[in-house]
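> kindly return the folded structure for what I paste below:
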Amino acid sequence: MQNQQTPWFYKNKCLLAGVILSITAQNALAQNWNLIWSDEFNGSISSDWIFETGNGSGGWGNNELEYYRRENTTVENGMLVITARQENYGGFNYTSSRIKTQGKKSFRYGKIEARISTPSAAGTWPAFWMLGSNINNVGWPACGEIDIMEHVNDSPQIHGTIHWQDNNGNYASYGGDTTADVTGFHVYSIEWDENAIRWLIDGNQYHETNIARGVNGTEEFHNEFFILLNLAIGGNWPGFNIDNTVFPAQMKVDWVRVYQREDSNGGGGGGGGTSDLPKTIEAETFSAMSGVQTEPTTDTGGGENVGWIDNGDWLAYNAITIPATGDYTLEYRVASPGGGQLSLDLNAGSIALGNASIPATGGWQNWQTISQTVHIDAGTYNLGIYALTGGWNLNWIRLSSANTTPAFSITQEAEDYSLMQGIQSEATSDDGGGQNVGWVDAGDWLTYPVEIPSNGTYRVEYRVASPAGGTLSLDSDAGGTAYGSVDIPSTGGWQNWETINHTVQLSAGTHTFGIYAITGGWNLNWWRITRIDG
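Predicted coordinates:
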C-alpha cells in the first residue's frame, strides 16, 4: 500500500527469482501456534489501534482519492466495518478509513491472520498489511512492507507481496497471487519466520518468499512490524476509473489474530520480544556503555550504528537467553577503515567467549558481516562487547544456534586443489591438523571442482590466518561468474586461525571454483560451501 510502483514486479517476477523458495499452492504445514494477541471486535475497537486521517502525502504516496476519517470505522455485529463513501470532505470526493497498531503492538515472526470480506468494484483497493516499526527512522521502503492481502478493482485475484530496499539501495518488490471471491469471508494469513514468509488463504498456501539471512537485502524482514487495515479508493495501482454505484462500499473484518510457535523468536506486545533465537540486536539498544556514540547509518535497513569506538570502550546488552547448552554463532555487522578487534563476554566479563578480528572494510560506512562460533551453557545472561582495539563501527549483532544440520554443506581442504599458481603447502597447527596452503602472493590462485545440488543461497566460509590481512575473491569456471571479494583480517600470525564468510547465489551443476589472491600475505586451511535458504 505504501508508494506502490506500477505495475510492481508482477510482470517481471524473474528479476527476483533468487528470493523464491516455491510458488506452489499447498496446505500449510501443521504448526504448534500460540495465540499472543487478537482483536475480536466484540462491541468495540481495541485501544491497540490508532486512526490515520486525511489524504497523507500525495494520496498516501499512491495518489489515492479518499480522505480517511475516524467516523468511517465502526463495529457492527461483532465485526470491524470500514465504510468508503462518495462524499465531499476535506477537498476530496471520497471518504474511508485506515487504522494501524503502530506504537501499540508490533511483531517479529509468527502467524498473522484476519477473516475479511471486501468489495469488488472498479476503484476499490482494500488491504491487510504490515510496515516495519522503524519507518519513522529509515523511511519506506527501507523499513520493509508485508502485504498480507490486497485486492484491486473487480479482479478475481488477491495479492501477497513484500517491498524492501535491496543491498544497492534500490526499491525491490516480490509478490504472488491467487483467485478468490473476495466478497465472501476468507481467512488471509502469513506464516513468517527467520527463513521465509508464506501466504495462505483459508489455510492453503499460494506463495512463499525466502528471507534467510537477509538474502537479496531482505534484512528488513527480521525486524518488528505493525499491522494496518484500510480501504483505499483509486490510486496508482487500481487507477482512477471509479464505479460510483458501489458506494457505500464496506470492508468487514471479523477478527485479527497473531500467533507464535512455541519455539518462535518473535516479538510482540508493543514492541517487546522474546529471548529465543535467532536474535538480532541493534547495536544502539545497549543497556550500558563506555565511550561510544551513535550516528545514522547508510547500511541496509537504515537507523543508527554505534561508532567512536576506542581501545577499551564497551557495550552491554541485557537478558540474552540461551535455550540449551551448545554451540552458537555470533555475527557482527561492522565497518572500519583500518580494522580492529573485539572480544565477547557474558555477565560483566565473568565468562569470556573469545575474540574476533574486524577487517578493513574500506570505510566507516562500508559494511561487512563477520562471525565467530562460541560455546554457551543454557541460561540468561548480560552480553558484553569490548574493544580490544578501536577504530570500527557496529550496526548489529546476531545470535543463532550453530547446531542445525544444513541441507547441503561441503568442506574443501585447501591443499586438495585441482590446479594452482604460486602456492605451497605446509603442516598446520589449526584444529584437526593436516596441511594448509601458504606463500600466497597477489595474483596467486587455486581451483576446486564442486557439484552444487540446486539453485539457491549459499554461505562460503574460509579458514584463514594472516599477520597483516589481505583480500581474496571467489569465481567459477575460469572467471566466468564472479562472486565478489572478502577481506581477510589480521589474525595475529601465520598460524592464528579465524573463519570469515560471505553469502553468494549459486546455480545447480558442477563448477570449477577459483579462489584468487587480490592481495597476498595469508594462509588458507579449508573453505566450506553451505546451503542456507532451505
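> only C-alpha atoms from now on, for both contacts and neighbour counts.
Will do.
> quick one: the strands in the stretch 301-450 of the chain?
Along the stretch 301-450 of the chain, the stretches classed as strands by DSSP state E, counting those that start in this stretch are 304-307, 314-322, 326-335, 340-346, 351-358, 368-376, 379-389, 393-401, 409-413, 419-421, 424-427, 435-438, 445-452.
> quick one: strands adjacent to the fifth one?
For strand 351-358, the paired strands and their directions (DSSP bridges) are strand 340-346 (antiparallel).
> residue ranges of each domain in this protein, please.
Using automatic domain parsing, the domain parsing of the chain gives 10-261, 279-401, 409-531.
> can you redo these as TSV with mean pLDDT and mean neighbour count?
As requested, the domains of the chain are exported to TSV (pLDDT from 0 to 100; neighbours: other C-alpha atoms under 10 Å):
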stretch	mean pLDDT	mean neighbour count
domain 10-261	88	20
domain 279-401	88	19
domain 409-531	92	18
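> who's the closest residue to F513 other than its chain neighbours bridged to?
Nearest in space to F513, with sequence neighbours left out and distances taken as C-alpha to C-alpha, 6 or more residues apart in numbering, is S476 at 4.2 Å. Judged by DSSP bridges, the bridge partners of S476 are T481, F513.
> ditto for Y317
Here Y317, judged by DSSP bridges, has bridge partners L383.
> correct me, but it touches E282?
No - Y317 is beyond contact range of E282, at 9.9 Å (criterion: C-alpha atoms under 8 Å).
> now list whatever residues contact both of the two.
The contact sets of Y317 and E282 do not overlap (C-alpha atoms under 8 Å, 6 or more residues apart in numbering).
> what bridges to the residue nearest to T53 when sequence neighbours are not counted?
The spatially closest residue to T53, leaving aside those adjacent along the chain, is Y68, at 4.6 Å (C-alpha to C-alpha, 6+ apart). Beta bridges link Y68 to G54, S96 when assigned by DSSP bridges.
> please list all residues in contact with Y68.
E52, T53, G54, N55, T95, S96, S97, R98.
> widest-spaced pair of those residues?
E52 and T95 (12.3 Å; C-alpha to C-alpha).
> so N136, which of the three states?
With DSSP: H, G, I helix; E, B strand; the rest coil as the basis, N136 sits in helix.
> with V215 instead?
Going by three-state DSSP: V215 is helix.
> my guess is it meets Y458, correct?
No - applying C-alpha under 8 Å as the test, V215 and Y458 come out as separate, 9.6 Å apart.
> any idea how far G217 is from L394?
Taking C-alpha to C-alpha, to the nearest Å as the measure, G217 and L394 are separated by 18 Å.
> so E413 bridges to which residues?
W526.
> residues in contact with it?
E413 touches N436, N525, W526, W527, counting by C-alpha under 8 Å, 6+ apart.
> quick one: L228 is in a helix?
No - using three-state DSSP, the secondary structure at L228 is strand, not a helix.
> in the sheet, who's paired with the nearest residue to it once chain neighbours are set aside?
Counting by C-alpha to C-alpha, 6+ apart, L228 lies nearest to K100, which is 4.3 Å off, once chain neighbours are set aside. Beta-bridge pairing of K100, defined through DSSP bridges, involves I50, L228.
> can you pull the contacts of K100?
Contacts of K100 by C-alpha under 8 Å, 6+ apart are W49, I50, F51, E52, F226, I227, L228, L229.
> wait, the fourth one sits on T101?
No - contact criterion C-alpha under 8 Å: E52 and T101 do not qualify, at 10.6 Å.
> surely E76 meets G43?
Yes - in this structure, E76 is within contact of G43 by C-alpha under 8 Å, at 7.4 Å.
> now the strands: where do they sit in the stretch 101-250 of the chain?
Under DSSP E, counting those that start in this stretch, the stretch 101-250 of the chain gives strands at 110-117, 124-132, 145-150, 157-165, 171-179, 186-192, 196-201, 204-210, 225-233, 249-261.
> adjacent strands (with direction) for the last one?
By that I understand strand 249-261. Under the rule (DSSP bridges), strand 249-261 has strand 33-39 (antiparallel), strand 79-89 (antiparallel), strand 110-117 (antiparallel) as partners.
> is it true that Y67 touches T53?
Yes - counting by C-alpha under 8 Å, T53 is a contact partner of Y67 at 7.0 Å.
> between these two, what contacts are shared?
Common neighbours of Y67 and T53 (C-alpha under 8 Å, 6+ apart) are S97.
> who touches both of E52 and T95?
Y68, R69.
> what sits against the nearest residue to F240 once chain neighbours are set aside?
Leaving aside its chain neighbours, F240 sits nearest to G234 (5.0 Å; criterion: C-alpha to C-alpha, 6+ apart). Residues near G234 by C-alpha under 8 Å, 6+ apart: N63, E64, L65, E66, G123, T124, W125, F240, N241, I242.
> quick one: contacts for the fifth one?
By C-alpha under 8 Å, 6+ apart, the contact list for G123 reads V152, N153, I233, G234, G235, P238, G239, F240, N241, I242, D243.
> what do you get for the second one?
Residues touching E64, when contacts are defined by C-alpha under 8 Å, 6+ apart, comprise N55, G58, A232, I233, G234, G235, N236.
> I'd say the last one and G61 touch.
No - taking C-alpha under 8 Å as the definition, N236 is not a contact partner of G61, at 9.0 Å.
> S409: which of the contacts of K100 is nearest?
Among the contacts of K100, and counting by C-alpha to C-alpha, the member closest to S409 is F226, at 36.5 Å.
> who's in contact with the closest one?
F226 touches K100, T101, Q102, G103, K105, S106, F107, M130, L131, G132, S133, counting by C-alpha under 8 Å, 6+ apart.
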